[in-house]
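**Q** structural data only, the sequence is not supplied:
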């Protein structure tokens with residue numbers, strides 16, 4: 001009888017494991033709430049005091065007796081007391097724990113202990129934030145949601161592009177109305193070009209003029225020329241386009257001043273100028289020179305014109321999306337000044353720490369280390385800043401080149417005309433481009 005019961009128990013256990021594996025693969029959310037969350041919550045509760053002691057998150061409580069001033073004469077040894085925590089609260093992607101700090105503690109010590117929490121709780125990552133004074137929020141992510149990112153949903157808005165998914169599982173959205181200018185850094189094959197293709201695909205159906213500046217002969221942005229209102233393939237053309245946009249920007253200022261408003265979005269729909277998004281691929285090509293006077297003059301012009309659009313363009317419907325493999329002060333002082341105007345930051349895998357520091361360092365020091373940890377296998381993964389000033393890991397939705405080109409051709413007829421820009425690009429007869 002006993003062997004039969006043992007065999008029956010093993011069969012039931014095997015059946016439970018098989019069912020659990022099927023649920024984990026086909027219904028990961030159910031698996032997390034039914035199995036993953038209870039097990040992880042138990043680990044959090046059982047290991048909290050030990051992790052706090054080992055990572056200097058405790059304070060020493062003096063014994064109630066046996067003291068002569070501050071000298072322990074007789075009695076119990078000093079007891080380390082861990083900060084009080086709430087019971088772990090389940091989320092779709094993991095759990096959260098609220099910690100009440102002891103007097104004198106700061107969130108910095110918990111930031112240093114983030115890796116210890118990851119290993120003790122057996123989760124993918126732990127983020128440390130401080131929602132209010134005296135409290136720390138530990139957000140644990142059970143698994144990496146960016147390994148197989150599904151495209152989250154987001155409401156369609158003008159100048160808003162659904163790029164991919166955040167590490168939290170939410171939608172990664174680039175909203176140019178909320179954050180008007182963006183800086184995108186990334187090494188070769190890091191996913192930067194895929195992100196730009198996704199951005200153009202999302203903006204193509206909208207009543208927005210797209211202007212491309214690709215000084216690599218148009219190899220990247222030239223694929224979407226059907227939808228672009230203008231395309232510069234060399235620095236001379238870039239100077240012409242940017243100069244025309246600056247002149248157009250002054251006309252928009254005059255229109256706003258005459259109407260007594262502070263931005264084009266306050267103008268009536270019938271007289272509102274079309275929004276313009278300037279996409280620059282490889283910013284270094286605009287700033288580097290070969291040492292000649294003409295080359296230096298062109299680089300200075302590009303620097304000045306981009307900076308003027310960055311400073312004044314937000315309220316006038318002119319937006320910058322600047323991308324590059326290498327973004328550093330060695331390109332010239334104009335790059336640092338331009339960076340200050342680019343409030344949105346996206347950093348893929350980069351080849352040098354200086355680029356990650358240049359992209360994210362002035363906004364979030366912690367994000368720099370996270371960006372440097374992105375591996376070559378994680379194509380499309382990036383660290384992006386949010387409108388609230390925070391940061392998150394994210395992954396852009398894979399948009400094949402054929403799909404992006406097809407979308408550009410589909411909406412080619414809707415590309416707004418920019419007469420002033422087109423006139424600036426006209427080359428006199430007999431002069432080569």
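**A** Done, it's in. None of these values were measured; they are calculated from a predicted model. Numbering: from 1, shown residues only.

**Q** any idea which residue is closest to the centre of this structure?
**A** residue 384 (1.4 Å; C-alpha atoms, centre = their mean).

**Q** checking it next. Helix, strand or coil?
**A** Classification of residue 384 using DSSP: H, G, I helix; E, B strand; the rest coil returns strand.

**Q** also the one 10 residues further on?
**A** In the three-state summary, residue 394 is assigned as strand, counting by three-state DSSP.

**Q** spatially nearest residue to it (excluding sequence neighbours)?
**A** Excluding the flanking residues, the one nearest residue 394 by C-beta to C-beta, 6 or more residues apart in numbering is residue 172, at 4.4 Å. Yep, even glycine has a C-beta here, placed from its N, CA and C like the rest.

**Q** hang on, that neighbour packs against residue 164?
**A** Yes - Residue 172 is within contact range of residue 164, at 4.5 Å (criterion: C-beta atoms under 8 Å).

**Q** quick revisit: and the residue nearest to the centre of the chain, what does it touch?
**A** 166, 172, 344, 345, 346, 347, 391, 392, 394 (C-beta atoms under 8 Å, 6 or more residues apart in numbering).

**Q** out of these, which end up buried?
**A** 166, 172, 344, 345, 346, 347, 391, 392, 394 (16 or more other C-beta atoms under 10 Å).

**Q** do you know how far the last one is from residue 407?
**A** In this case it means residue 394. Counting by C-beta to C-beta, to the nearest Å, the separation of residue 394 from residue 407 is 22 Å.

**Q** kindly report the same for the fifth one.
**A** Taking C-beta to C-beta as the measure, residue 346 falls 21 Å from residue 407.

**Q** and what of the first one?
**A** Residue 166 sits at a distance of 24 Å from residue 407 (criterion: C-beta to C-beta).

**Q** centre of the chain to stretch 35-51, how far?
**A** Centroid separation between stretch 35-51 and its chain, computed with C-alpha atoms, centre = their mean, to the nearest Å, is 30 Å.

**Q** how about residues contacting that stretch?
**A** 20, 23-24, 57, 82, 85, 87-88, 90, 94-95, 97, 113, 116-117, 120-123, 140, 142.

**Q** of the residues you listed, grab the buried ones for ChimeraX.
**A** Here is the ChimeraX selection string for the buried members of the contacts of stretch 35-51, based on 16+ other C-beta under 10 Å:
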select :23,24,57,82,85,88,90,94,95,97,113,116,117,120,121,123,140,142
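
**Q** show me where pLDDT drops low in this structure?
**A** Scanning the chain with the threshold set as pLDDT under 70 gives 1, 5, 7-28, 61-78, 145-153, 388, 427-433.

**Q** now do the helices in this structure.
**A** Assigned by DSSP state H, the chain shows helices spanning 2-26, 28-31, 37-54, 107-112, 114-121, 192-203, 235-259, 284-287, 293-312, 333-341, 353-360, 365-372, 401-410, 419-425.

**Q** any idea what residue 183 is bridged to?
**A** When bridges are called by DSSP bridges, residue 183 pairs up with residue 322, residue 345.

**Q** sorry, back to before: and which of the buried ones among the contacts of residue 384 is nearest to residue 188?
**A** residue 347 (14.6 Å; C-beta to C-beta).

**Q** wait, isn't that closest one in contact with residue 385?
**A** No - using C-beta under 8 Å, residue 347 makes no contact with residue 385, being 9.1 Å away.

**Q** anything in contact with each of those two?
**A** Common contacts of residue 347 and residue 385 (C-beta under 8 Å, 6+ apart): 360, 367.

**Q** what pairs with the closest residue to residue 84 other than its chain neighbours across the strands?
**A** Computed as C-beta to C-beta, 6+ apart, the closest residue to residue 84 that is not its neighbour in sequence is residue 100, at 4.8 Å. Beta-bridge partners for residue 100, by DSSP bridges, are residue 84, residue 135.

**Q** list the contacts for residue 100?
**A** So residue 100 contacts 83, 84, 85, 134, 135 (C-beta under 8 Å, 6+ apart).

**Q** which of those count as buried?
**A** If you count burial by 16+ other C-beta under 10 Å, the buried members of those come out as 83, 85.

**Q** widest-spaced pair of the contacts of residue 100?
**A** Using C-beta to C-beta, those span at most 13.4 Å, a distance reached by 85 and 134.

**Q** identify the residues contacting residue 410.
**A** Applying C-beta under 8 Å, 6+ apart to residue 410 gives the contacts residue 204.

**Q** and it, how far from residue 219?
**A** Distance, residue 410 to residue 219, by C-beta to C-beta: 22 Å.

**Q** over to residue 162?
**A** Distance, residue 162 to residue 219, using C-beta to C-beta: 26 Å.

**Q** now for residue 29, how many residues are close by?
**A** 12 (other C-beta atoms under 10 Å).

**Q** so it makes contact with residue 92?
**A** Yes - between residue 29 and residue 92 there is a contact under C-beta under 8 Å: 6.6 Å.

**Q** ok, residue 162 and residue 219, which is more surrounded?
**A** For residue 162 versus residue 219, neighbours defined as other C-beta under 10 Å are more numerous around residue 162 (23 against 12).

**Q** please tell me I have it right and that one contacts residue 175.
**A** No - under the criterion of C-beta under 8 Å, residue 162 is not in contact with residue 175, lying 10.0 Å apart.

**Q** cool, thanks, signing off.
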